[in-house]
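Q: Sequence plus the predicted model coming up.
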Amino acid sequence: MAAFRLTSPAFEHDAELPLRYTGEGDDLSPPLNWAGTPPGTKELALVCDDPDAETGVFTHWVVYGLAPDVTGLPEAIPGDAIIESEEVSLVQGLNEFDEVGWSGPVASDERGPHRLFFRLFALDTELLDLPPGVSRAELRTAAKDHIIEQALLVGIV
């Protein structure tokens with residue numbers, strides 16, 4: 001089986017995140033693709049955060065409730081707590097602004113580039129008891145003992 005990996009048609013790993021996905025651009029969530037979902041996966045969850053933020057780790061996106069047969073997310077996921085479309089079904093949590101959905105990064109300090117870590121988690125259970133709008137910490141706590149494998153994609157802002 002192929003390694004569990006996360007990619008984007010919009011940017012390469014450890015490369016610049018295009019302006020359209022930032023708060024200084026169109027503030028759209030970037031398209032993501034993945035492959036090699038491990039056997040036994042019951043649900044996928046995604047967290048995007050910036051460990052280089054001035055205030056500590058800054059959460060840009062929390063997504064869960066993804067079926068294990070889903071292989072990607074389209075660009076520009078709406079900021080609704082529950083998404084049911086032909087392309088994908090998912091639940092979104094809170095970003096650092098206590099808003100549901102994607103919040104694109106803004107380069108606001110002079111400390112240099114920021115890394116955005118997109119982490120995709122393959123879970124051995126469904127997180128059915130999690131309501132829409134949970135925080136990154138709540139998702140990580142619920143998923144902690146259920147992570148089979150994770151894939152990482154890093155974008156630079």
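A: Cool, got the structure. Numbering: from 1, shown residues only.
Q: How about the contacts made by W61?
A: By CB atoms under 8 Å, 6 or more residues apart in numbering, the contact set of W61 is 29, 46-48, 92, 95, 101-103, 118. Where C-beta positions appear, they are placed from N, C-alpha and C, glycine not excepted.
Q: Specify which member of those residues is nearest to H13.
A: Set against H13, the nearest of the contacts of W61 by CB to CB is F118 (9.6 Å).
Q: Am I right that that closest one is in contact with D50?
A: No: the criterion here is CB atoms under 8 Å, and F118 misses it with D50 at 10.7 Å.
Q: Please produce a PyMOL select command covering the buried subset of the contacts of W61.
A: Selection of buried members from those for PyMOL, criterion 16 or more other CB atoms under 10 Å:
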select buried, resi 29+46+47+48+92+95+101+102+103+118
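Q: Among the contacts of W61, which are located in strands?
A: Residues of these located in strands (DSSP state E): 46-48, 92, 118.
Q: Would you mind listing the buried residues in stretch 59-72?
A: Result for stretch 59-72 [16+ other CB under 10 Å]: buried residues 59-66, 68, 70, 72.
Q: and G112, how many neighbours?
A: Counted by other CB atoms under 10 Å, the residues lying close to G112 total 8.
Q: Give the closest residue to it in space, chain neighbours not counted.
A: D52 (8.0 Å; CB to CB, 6 or more residues apart in numbering).
Q: State whether A137 is indeed within a helix.
A: Yes: assessed with DSSP: H, G, I helix; E, B strand; the rest coil, A137 lies in a helix.
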